[in-house]
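Trainee: how does the following fold in three dimensions:
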Amino acid sequence: MRTVTTSTRLLGFVQLRVGERLYALPVQAVHFDRDSGTAPGGFFDEKGELGILVDSKASEDDVQAQIASASADAVRYFSKKFLS
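Mentor: This next block holds a predicted model:
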C-alpha cells in the first residue's frame with residue numbers, strides 16, 4: 001500500500017482505449033512519504049477506485065514519464081482483466 005498524505009491535487013484525466021472500452025483515469029499529484037520504502041506513484045486499483053498517482057515534487061518531465069509508465073501499466077491491467 002502506498003503511504004501518501006491526505007492532500008491531493010487533481011491534474012486532469014488520461015483517456016485510454018482498450019478494445020472497445022474507453023477509460024478515463026484521474027491523475028492526481030500527491031506528496032509521498034519517502035521513508036515508506038515503496039516506489040512512488042503509478043497506476044492503482046484500490047477497492048474499485050482507479051487512477052494514476054504522480055509525485056507532486058517531481059519535475060514536469062518526470063511527471064510526464066510517470067504518467068506514461070502508469071498508462072502502460074493500466075493498459076496491461078485492463079487487457080488482462082477484460083480481454084483474456
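
Trainee: beta partners for the most centrally placed residue in the chain?
Mentor: Most central in the chain under Cα atoms, centre = their mean is residue 52, positioned 1.6 Å from the mean C-alpha point. Beta-bridge pairing for residue 52 (DSSP bridges): residue 27, residue 43.

Trainee: what sits against it?
Mentor: Counting by Cβ atoms under 8 Å, 6 or more residues apart in numbering, residue 52 makes contact with 14, 25-28, 41-44, 66-67, 70-71, 74. C-betas here are computed from N, CA, C, even on glycine.

Trainee: of those residues, which one scores lowest on pLDDT?
Mentor: Looking at pLDDT alone, the contacts of residue 52 dip lowest at residue 41, where the score is 78.

Trainee: number of residues surrounding that one?
Mentor: Applying other Cβ atoms under 10 Å, we find 25 residues neighbouring residue 41.

Trainee: what do you get for residue 23?
Mentor: Residue 23 has 17 neighbours, counted by other Cβ under 10 Å.

Trainee: likewise residue 24?
Mentor: By the criterion of other Cβ under 10 Å, residue 24 has 11 neighbours.
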